[in-house]
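**Student:** This is a predicted model, with the sequence first.
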Amino acid sequence: MDDTRLMRYARHILLDELGIEGQERLLAARVLIVGAGGLGSPAALYLAAAGVGRIVLVDDDVVELSNLQRQILHDISGLGRHKAQSGRDALLALNPDIEVQALVERLDDTRLIALAAQVDLVLDCCDNFATRHAINRACVATCTPLVSGAAIKFSGQVSVYDLRDEASPCYHCLFPEADDLEELRCATTGVLGPLLGMVGSVQAAEAIKLIAGMGEPLVGRLLSVDALRMQWHTIRFKRDPDCLVCARRPPAEAGCSGD
Ligand SMILES: [Zn+2]
């Protein structure tokens, strides 16, 4: 590692649990971030700042004025630009030491599987259930760890699905897909700006932990925050043996389609 990197990442390298070895892993890591909005903004900024070597940022939306209250990856100069491209520029301005690929796409199942297979980790920073479930299916199919976050109004939640680990639940184990589920969207219900910072930052922290191989990931635990009362809770949950998505997944060593 050269002097510039030693200096840039010094406060992470100083952490015994992370050190040079953890930093090398971050520099070698490839992460897919789906969504460059409220959650994707803080998550991507922290991962770029931490020196995650390759970030693939996906979003098919454009930056609007009403996004700027919370989507801190973008500023007034980005209005009307695609979020993936505006986000890539912001990440590279923060850290030109990394590679950022911007994809202006709405991903279908096949594309998600192809992308998940090329990365070490996926961050779900999207804003709708259909995409969340599609991301989960792709991560199950490719045994790729998934860090999933969500926030609406004053409520947020995060969990980690380490799909390399046979005991780990998947997103669908916890939130079975239901056609009649009413979806709350920020566009119509509102969301507290800093709440996205809290949830997105937890996602970034969990991603760094998973990549560096330190601590205990938030696997089998759902962390929730009520920002109005500023209360955090954790509930534990297990893999659903009858889960329609992961119940029949092959053991990781038997070979995922991502291997
Ligand atoms: Zn499952």
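**Tutor:** Nice, I can see it.
**Student:** for the ion, what are the nearby residues on this structure?
**Tutor:** Contact residues, the chain versus the ion (C-beta under 5 Å from the ion): 170, 172, 173, 243, 245, 246. To be clear about C-beta, it is placed using only N, CA and C from the backbone, and glycine gets the same treatment.
**Student:** Out of those, grab the one that's most surrounded.
**Tutor:** residue 170 (25 neighbours; other C-beta atoms under 10 Å).
**Student:** Check the contact between that one and residue 247; I expect there is one.
**Tutor:** No - with contact defined as C-beta atoms under 8 Å, residue 170 does not count as touching residue 247 (9.3 Å).
**Student:** can you give me the strands in the stretch 151-259 of the chain?
**Tutor:** For the stretch 151-259 of the chain, the strands defined by DSSP state E, counting those that start in this stretch cover 155-161, 221-226, 231-236.
**Student:** Out of those, which one sits most buried?
**Tutor:** strand 155-161 (a mean of 24; mean count of other C-beta atoms under 10 Å).
**Student:** quick one: low-confidence ranges for the stretch 151-259 of the chain?
**Tutor:** 179-187, 249-259 (pLDDT under 70).
**Student:** where along it do the helices fall?
**Tutor:** Assigned by DSSP state H, counting those that start in this stretch, the helices in the stretch 151-259 of the chain fall at 171-174, 186-189, 193-212.
**Student:** Give me the buried positions along the longest one.
**Tutor:** Meaning helix 193-212. Neighbour counts over helix 193-212 (16 or more other C-beta atoms under 10 Å) mark 195-212 as buried.
**Student:** same question, stretch 73-92
**Tutor:** In stretch 73-92, counting by 16+ other C-beta under 10 Å, buried: 73-74, 78, 82-92.
**Student:** likewise stretch 13-30?
**Tutor:** For stretch 13-30, using 16+ other C-beta under 10 Å, the buried residues are 13, 18, 22, 23, 24, 25, 26, 27, 29, 30.
**Student:** Which ones among these map onto helices?
**Tutor:** Judged by DSSP state H, helices contain the following of the buried residues of stretch 13-30: 13, 22, 23, 24, 25, 26, 27.
**Student:** I'd like a version of these in a markdown table, one that adds pLDDT as further columns.
**Tutor:** Putting these into a markdown table (pLDDT from 0 to 100) gives the following:
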| residue | pLDDT |
| --- | --- |
| 13 | 98 |
| 22 | 98 |
| 23 | 98 |
| 24 | 98 |
| 25 | 98 |
| 26 | 98 |
| 27 | 98 |
